[in-house]
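Participant: Could you look at this predicted model? Sequence included:
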Amino acid sequence: MAGTTSLTSGSPATFFTFAVDARTGRLLWQSENRGVADITASNGVVWTSPDPLAAWDVRTGNRRWQRPSAADPAQLLAVSDGVLYAVGSTGASLSLRALSAATGQQLWTRSMTAPSPT
């Protein structure tokens, strides 16, 4: 993604994911989202969460795929070896989902209880 920077910004009601040319600052594209908690990028793709959890082409802004917000919306994202890891929480419950970074298809999910503060 040399030469392109992707960012997210917004207010509580409206968020925008956008990409700028890293050399000139020229806006390449932007997309309005209902809410963005996290953004990560790798190999020409930008993933945003939670509403929607989506993959975007970093150069064109075209959406590659999206998944509707679930009962446990993803609040943290990480990508490695073609797998997008999405961590969500509701109260004391944590969920970790592994999805195909290319298609958004869920590969597996694990639920956990958050440790109590000591």
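Facilitator: Noted; the coordinates are in hand. In this text, all values refer to a predicted model and were calculated from it rather than measured experimentally.
Participant: contacting residues around Leu56?
Facilitator: Rather than Leu, residue 56 is Trp. 6, 17, 31, 45-48, 62-64 (C-beta atoms under 8 Å, 6 or more residues apart in numbering). Bear in mind the C-beta positions are built from the backbone N, C-alpha and C, glycine included.
Participant: do that again at 6 Å, thanks
Facilitator: 46, 63 (C-beta atoms under 6 Å, 6 or more residues apart in numbering).
Participant: can you pull up the bridge partners for it?
Facilitator: Beta-bridge pairing for Trp56 (DSSP bridges): Val46, Arg63.
Participant: which secondary element of this structure has the worst mean pLDDT?
Facilitator: Among the helices and strands of the chain, strand 4-10 carries the lowest confidence by mean pLDDT, DSSP states H and E, at a mean of 52.
Participant: following it, which helix or strand shows up next?
Facilitator: Going down the chain from strand 4-10, the next helix or strand is strand 15-21, by DSSP states H and E.
Participant: Tell me which residue is most central in the protein.
Facilitator: Centroid-nearest residue in the chain: Thr48, 2.2 Å away (criterion: C-alpha atoms, centre = their mean).
Participant: That residue is in what secondary structure piece?
Facilitator: Secondary structure assignment for Thr48, by DSSP H and E: strand 45-51.
Participant: tell me the average confidence for that strand?
Facilitator: For strand 45-51, the mean pLDDT works out to 82.
Participant: now swap in stretch 68-85 and tell me
Facilitator: Stretch 68-85 comes out at a mean pLDDT of 82.
Participant: Would you mind writing the CA trace of it as CSV?
Facilitator: Provided in CSV are the C-alpha atoms of stretch 68-85 (Å, rounded to 0.1, in the frame of the first residue of the first chain):
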residue,chain,number,x,y,z
PRO,A,68,-23.9,-7.0,9.1
SER,A,69,-23.3,-6.1,12.7
ALA,A,70,-23.8,-9.1,15.0
ALA,A,71,-24.9,-9.3,18.6
ASP,A,72,-21.2,-9.1,19.4
PRO,A,73,-19.9,-6.4,17.1
ALA,A,74,-16.2,-6.5,16.3
GLN,A,75,-14.3,-3.8,18.3
LEU,A,76,-10.7,-4.9,17.5
LEU,A,77,-9.3,-6.2,14.3
ALA,A,78,-6.1,-8.0,13.3
VAL,A,79,-5.1,-9.7,10.0
SER,A,80,-2.5,-12.4,9.5
ASP,A,81,-1.9,-15.0,6.8
GLY,A,82,-5.2,-14.4,5.0
VAL,A,83,-7.3,-14.5,8.3
LEU,A,84,-9.1,-11.5,9.8
TYR,A,85,-9.5,-11.9,13.6
